[in-house]
Structure formats: structure tokens, C-alpha cells
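Participant: Model the structure of this input:
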Amino acid sequence: MKYWLYYFIKTFMEIPFRAYFKSVSIDGKHKIPKGKPVLICASHAGSFMDGVVIEYAFREKVFTLVRGDAFNKPVFDRILRSMLLLPIFRSRDADPEKARVGNLTTWNESYELFREGYKILIFSEGIAYPEKALRPLKKGSAGMAANMIKRSGGDMDLYVLPCGVNYSQFGGMRTDLQISYGDPIRVLDFEDEILADERKFARDFTVILQEKMNDLVVKTKGDHSVEKDFLHQMLINEYGNRSDFRSYDSGSDQIPKRIDKLSADLIPKIKEYKAGIEQSKIADRNLSDKGFNFFAVLIALCTSAMSVPAAILYRLLWAVAKNRTKKLVKNIVLFDSVHFGLGLIMTFFWLAVLIVAAVFLLPEPWTPIWTVLALIASIVGSAAWFVTVEEFRHSVKELRYFLLPRSKRKYLRALRVDILNAL
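Facilitator: Next up is the predicted model:
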């Protein structure tokens with residue numbers, strides 16, 4: 001099977017996702033053109049992680065363009081291609097001739113994939129860095145779109161789909177992930193501009209794409225970054241009022257736009273509110289409408305006989321993955337990607353341990369069907385325990401909140417409302 005590693009990893013992807021991420025919000029999925037070739041142009045704060053989360057969100061084959069020097073050895077080339085990865089060479093990745101030939105080959109492959117209606121992901125910033133920002137876009141996305149239109153003689157109805165990938169934090173587990181799709185751009189509408197002056201088209205189209213992606217990406221870098229980061233978490237709590245791990249069209253695609261509206265005169269209020277909840281040893285979530293995940297707690301408790309040992313083992317394995325990542329990775333850009341990758345490997349090991357335990361350690365009277373049910377309870381319950389631990393911590397802070405003087409609670413709530421209403 002040509003894409004064997006893609007299918008293998010996809011089968012088990014839900015388990016490490018529920019361990020690593022606290023929640024996943026996907027907005028604008030209805031904007032994805034149906035039955036059309038699509039070039040997905042995404043932001044790039046999470047390095048290799050970004051391709052994984054977009055693949056997860058799409059739930060279908062998405063081919064991803066990644067740095068070409070990773071494909072230098074034949075064995076790596078085969079492995080990476082089996083994961084739907086295609087090489088793209090930047091000037092620093094290879095000598096000019098090798099880069100030219102390599103990119104031409106990838107362009108040829110991409111054209112054939114587009115002809116079959118597949119989607120291809122490109123990171124339009126060209127570089128990755130773990131920060132909440134959108135860097136100036138490279139013209140490669142526009143160049144690729146123009147190349148496909150010219151090759152097809154105007155016969156390919158290609159769309160460019162802006163995509164923003166936002167993480168609530170970097171450098172650790174239990175982050176909130178939010179993916180937003182913008183309005184698609186029909187490249188055929190620019191056919192005359194492409195044929196008249198391809199370079200001018202690339203410049204003009206890149207400006208359009210930059211504007212569209214700017215509305216999809218959370219930006220806290222720069223002045224008042226601490227307050228903007230705190231505001232980001234406030235807005236996550238504001239929109240994340242469901243108990244589901246994965247939600248669609250929750251409205252969280254408005255978060256970047258609301259943060260962009262932040263004015264200097266609102267900063268003192270945010271500082272005051274942040275200091276107030278920290279002094280009270282509570283969290284913004286205690287003042288939001290974000291619900292308590294009773295369902296996850298119920299699953300954890302009902303499966304506790306099987307899931308508690310499995311959950312403890314799984315958490316320890318993720319801790320091992322993090323420690324190994326700290327030793328292996330010196331480049332902060334790759335930390336989250338390597339951590340998640342090692343966690344994925346640990347997941348396969350964990351599943352093997354659970355299977356062996358279910359088959360050989362359960363009492364003799366257990367029938368195969370009960371063995372399978374015990375295994376499922378261990379897996380599902382483990383994910384629920386990650387949530388349950390967080391809900392317990394939240395409950396402790398919730399108790400502190402209700403023990404605050406009524407005047408203090410009223411003051412903090414009013415301050416929070418003032419901040420959010422101003423955005």
C-alpha cells in the first residue's frame with residue numbers, strides 16, 4: 001500500500017490527540033470547496049505539528065509540502081511519502097540545480113494530484129516559529145496556484161483556502177487548538193492577470209492572501225503580549241462553553257479579530273482583572289459560562305477499575321516523551337512536534353501493553369468479548385481521566401470562587417464583561 005504509514009497512524013490518531021490537546025475547535029469547514037482541487041494555505045507556528053492537526057481536522061487525504069532536505073536519503077523519502085508528504089526545496093535546503101529539479105518533480109506530482117481532486121497543504125509563511133503571530137507570506141503559494149492554472153490551460157478549477165492554526169500555548173500538553181478556514185479564493189478568476197504578468201499576479205495575490213489569513217490567526221506578539229495572551233485564554237473560555245472535545249463552528253474564529261480590536265486604554269482593565277483573579281487563586285474559567293464536563297467524569301468513574309492503571313501508565317509515558325524531547329531537541333521550533341511524535345510512539349507501546357494485559361492477565365472465565373470490552377474501557381477511560389483531573393482542579397477553584405465575598409465576585413464579573421464588551 002503506497003500510503004501505508006498514513007493509514008496506520010490515522011487509525012490511532014484520536015488517542016494521542018485526546019491526551020495532548022484539551023480541546024479542538026474547527027470553524028468554517030462548510031467553506032471548503034466540495035469536489036474541487038484545493039490548495040490549503042495555512043499559518044505555521046507549530047512546525048510539523050501543523051500538518052498533523054490539519055490532516056486530523058479534514059478527515060481525508062491532505063498532501064503536505066515540507067522542507068525538501070528531509071527527503072535526501074531514499075529510506076526517508078519512502079517513509080515521508082507514505083505519510084502524504086511531498087518535498088519542496090528552499091534556497092538553503094539544497095544546491096540550486098537539485099532544488100530546481102526537486103521542485104519541478106513536486107510541481108508535476110502536485111498537478112496530477114490536483115487533477116484527481118486532492119487537497120495540498122502549503123505553509124505560506126515559509127518558516128515556522130512557536131509564537132502567536134503571522135509573518136509576511138512568501139510568494140510561493142501564489143506561484144504554485146498560477147503554475148497549475150497555466151499548466152491546465154485554464155481548465156483546472158483550483159481554489160486557494162486560507163487557514164489559521166492557533167494554539168493557546170506552546171511547549172507542553174493540554175493546550176487548546178483552534179483551526180479556522182476563511183473564504184476560498186477561486187484562482188480561475190485571476191486567469192487574465194496570470195497570463196498577462198505572472199510575477200505581478202504573485203505579488204498582488206500574496207497581499208490578498210495575507211489579508212485573509214490575518215483575520216484567522218491570533219496575534220499576541222509585540223506590545224502587551226502578556227495581556228493579549230491572557231485575553232486569548234478569556235476568549236477561549238467564552239467560546240468553549242461545550243463539553244465536547246471537538247466542536248464545530250463554535251464562533252471561535254472570531255477570536256483573532258477580537259484580539260486585534262484591543263486598544264491601549266483597555267490594557268489597565270485587563271491587568272486589573274488578571275491581578276484580581278490571581279490574588280483570589282481562581283481562574284477566568286470560574287467567571288465564564290464554560291460548562292463542566294460531567295460526561296467525561298462519569299466515563300472515568302464508571303471505567304475506573306480498568307482505566308485508572310491504564311491512565312497512570314499513559315501519563316507516565318507522556319512524561320517520558322517530554323523528558324526525552326528536552327534532551328533531544330535544542331531547537332524550540334521543533335519541541336512540540338517531537339514531543340507529540342514521541343507521544344504517538346508511546347501510544348503504540350501503551351496499546352501493546354494493554355492488549356497483552358487484557359489477553360494474558362484477565363481472569364480465566366473472561367470470554368473474548370469481555371476482554372475486548374475491558375480493553376475499550378481502558379482506552380476510553382484513560383482519555384476521560386485526563387479531563388477529570390482538570391475538572392477536579394477547576395472544582396477546587398470553583399469552590400474558592402463561591403467562597404469569595406459577594407462584592408468581590410460582582411466586581412470581577414463586571415470587569416470581565418466590560419473587557420469582552422469592548423472587543
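
Participant: contacts and neighbour counts: CA atoms only from here.
Facilitator: Fine.

Participant: Give the rounded mean pLDDT of the host helix or strand of residue 373.
Facilitator: Secondary structure from DSSP states H and E places residue 373 in helix 368-403. The average pLDDT for helix 368-403 rounds to 92.

Participant: what does stretch 46-66 give?
Facilitator: 91.

Participant: Assign residue 220 to helix, strand or coil.
Facilitator: In terms of secondary structure, residue 220 is coil; the call rests on DSSP: H, G, I helix; E, B strand; the rest coil.

Participant: Quick check, it in contact with residue 134.
Facilitator: No. Counting by C-alpha atoms under 8 Å, residue 220 stays clear of residue 134, with 9.9 Å between them.

Participant: so where's the stretch 201-350 of the chain shaky on pLDDT?
Facilitator: Regions of the stretch 201-350 of the chain meeting the criterion pLDDT under 70 cover residues 241-243.

Participant: which residue packs closest to residue 76, ignoring adjacent ones?
Facilitator: Taking C-alpha to C-alpha, 6 or more residues apart in numbering, and ignoring the residues beside it in sequence, residue 76 has residue 70 as its nearest neighbour in space, at 7.1 Å.

Participant: Return the per-residue confidence for that neighbour.
Facilitator: Predicted confidence (pLDDT) at residue 70: the value is 77.

Participant: One more: residue 145?
Facilitator: Residue 145 is assigned 97 on the pLDDT scale.

Participant: And residue 18, by the same measure?
Facilitator: 94.

Participant: what do you get for the one 5 residues further on?
Facilitator: At residue 23 the predicted local confidence, pLDDT, stands at 93.

Participant: Relative to residue 163, how far out is the closest residue to residue 172 other than its chain neighbours?
Facilitator: For residue 172, the nearest residue in space outside its immediate sequence neighbours is residue 336; the separation is 7.0 Å by C-alpha to C-alpha, 6+ apart. Here the distance between residue 336 and residue 163 works out to 20 Å (C-alpha to C-alpha, to the nearest Å).

Participant: And these two? Which one has more around it.
Facilitator: Comparing residue 336 with residue 163 by other C-alpha atoms under 10 Å, the one with more neighbours is residue 163, at 29 against 22.

Participant: hang on, the more buried one is in a helix, isn't it?
Facilitator: No. Under three-state DSSP, residue 163 sits outside any helix and is assigned strand.

Participant: Go ahead and confirm it touches residue 214.
Facilitator: No. The pair residue 163 and residue 214 fails to qualify as a contact (C-alpha under 8 Å) at a distance of 9.7 Å.

Participant: how about the residue nearest to residue 172, what does it touch?
Facilitator: For residue 336, the set of contacting residues under the criterion of C-alpha atoms under 8 Å, 6 or more residues apart in numbering consists of 46, 49, 170, 171, 172.

Participant: Confirm that the last one sits in a helix.
Facilitator: This means residue 172. No. With three-state DSSP as the criterion, residue 172 is located in coil rather than a helix.

Participant: burial of residue 206, as a residue count?
Facilitator: By other C-alpha under 10 Å, the residues close to residue 206 number 21.

Participant: and the helix holding residue 373, which residues are buried?
Facilitator: Judged by neighbour count using 16 or more other C-alpha atoms under 10 Å, the buried positions of helix 368-403 are 371, 374-388, 391, 394, 397-398, 401.

Participant: Just name whatever secondary elements it is in contact with.
Facilitator: With contacts defined as 3 or more C-alpha pairs under 8 Å, 6 or more residues apart in numbering; DSSP states H and E, the secondary structure elements packing on helix 368-403 are helix 14-20, helix 294-302, helix 304-328, helix 335-360.

Participant: could you redo the last one with a cut-off of 10 Å?
Facilitator: For helix 368-403, the helices and strands in contact under the criterion 3 or more C-alpha pairs under 10 Å, 6 or more residues apart in numbering; DSSP states H and E are helix 14-20, strand 21-27, helix 294-302, helix 304-328, helix 335-360, helix 406-421.
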